[in-house]
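sequence? don't have it. structure:
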């Protein structure tokens, strides 16, 4: 009888799996940014929380995770937003067992920025139109003030505003938008779209 119970317990352990639909929070070990990343670069993470199945831990917190950059696009100067895609490939459990995985990135810790994960799991940077308009308006206002003080007239202020607006627009055209940056210690949430056996 005891052998049957032990055999059943062994089967239950060997049949452990990461269930379909499970979420896992991963913490970045190294930083990656579209400013310097290239396809093929490795990304290292650790599980920030355990993964449970049937009331048992199947992947402990602190397990190592390896991923690879599959796409890295810098932001453009006039248009084109930064985009980063990583493919998670393996989890290494504390026992040393390596499990091949392929969860999808579902969200990122944006740390106050506008970067978000899309439906394909790519991390994209938000637009910078508001910041660009604010920069142009600020420089234009400064130009108006200087022009008005120099000429002591409204026409001088108008000329100064025009020159300031041109300088502001030029600075926007030569400045790249924000890059996608996943910093060391930041977190990403991944979702398993299929069950993964932990054999």
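Arrived safely. Computed from a predicted structure; not experimentally measured. Numbering: from 1, shown residues only.

What part of this protein, helix or strand, is modelled with the least confidence?
Within the chain, no helix or strand scores below helix 2-14, which has a mean of 42 by mean pLDDT, DSSP states H and E.

Which secondary structure elements does the helix or strand that it is followed by sit against?
The first helix or strand that comes after helix 2-14 along the chain, using DSSP states H and E, is strand 17-18. Helices and strands touching strand 17-18, by 3 or more C-beta pairs under 8 Å, 6 or more residues apart in numbering; DSSP states H and E, are strand 51-53, strand 56-59, strand 196-197. From N, CA and C alone the C-beta is placed, and that goes for glycine too.

strand partners of the longest one, parallel vs antiparallel please.
The strands beside strand 56-59 in its sheet (DSSP bridges) come out as strand 51-53 (antiparallel).

contacting residues around the strand it pairs with?
Where contact means C-beta atoms under 8 Å, 6 or more residues apart in numbering, the residues beyond strand 51-53 that reach it are 16, 17, 18, 19, 22, 24, 57, 58, 59.

I'd say the third one and residue 198 touch.
Yes: the pair formed by residue 18 and residue 198 meets the contact definition of C-beta atoms under 8 Å, at 6.7 Å.

so what sits against both of the two?
Between them, residue 18 and residue 198 have 58, 59 as joint contacts when contacts are counted by C-beta under 8 Å, 6+ apart.

Neighbour count: the two, which is higher?
residue 18 (22 against 18; other C-beta atoms under 10 Å).

contacting residues for the residue lying closest to that one once chain neighbours are set aside?
Closest residue in space to residue 18, ignoring its immediate chain neighbours: residue 196 at 4.2 Å, by C-beta to C-beta, 6 or more residues apart in numbering. Residues in contact with residue 196, defined by C-beta under 8 Å, 6+ apart, are 17, 18, 99, 100, 101.

In those residues, which residue is surrounded by the most others?
residue 18 (22 neighbours).

what about that residue, distance to residue 190?
Noted for residue 18: a distance of 11 Å to residue 190, by C-beta to C-beta, to the nearest Å.

re the thing from before, mean pLDDT added to the helices and strands packed on strand 17-18, as CSV?
Formatted as CSV, those follow (pLDDT from 0 to 100):
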stretch, mean pLDDT
strand 51-53, 91
strand 56-59, 92
strand 196-197, 92
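
so where is this structure shaky, pLDDT-wise?
Per-residue confidence of the chain (counting by pLDDT under 70) places the weak regions at 1-15, 76-80, 110-114, 119-120, 126-177.

Can you show me the helices along it?
In order along the chain, the chain carries the following helices (DSSP state H): 2-14, 129-151, 154-174.

May I have the beta-bridge partners of residue 117?
With beta bridges defined as DSSP bridges, residue 117 has these partners: residue 123.

Near it, how many residues? Count them for me, please.
By the other C-beta under 10 Å criterion, the neighbourhood of residue 117 contains 20 residues.
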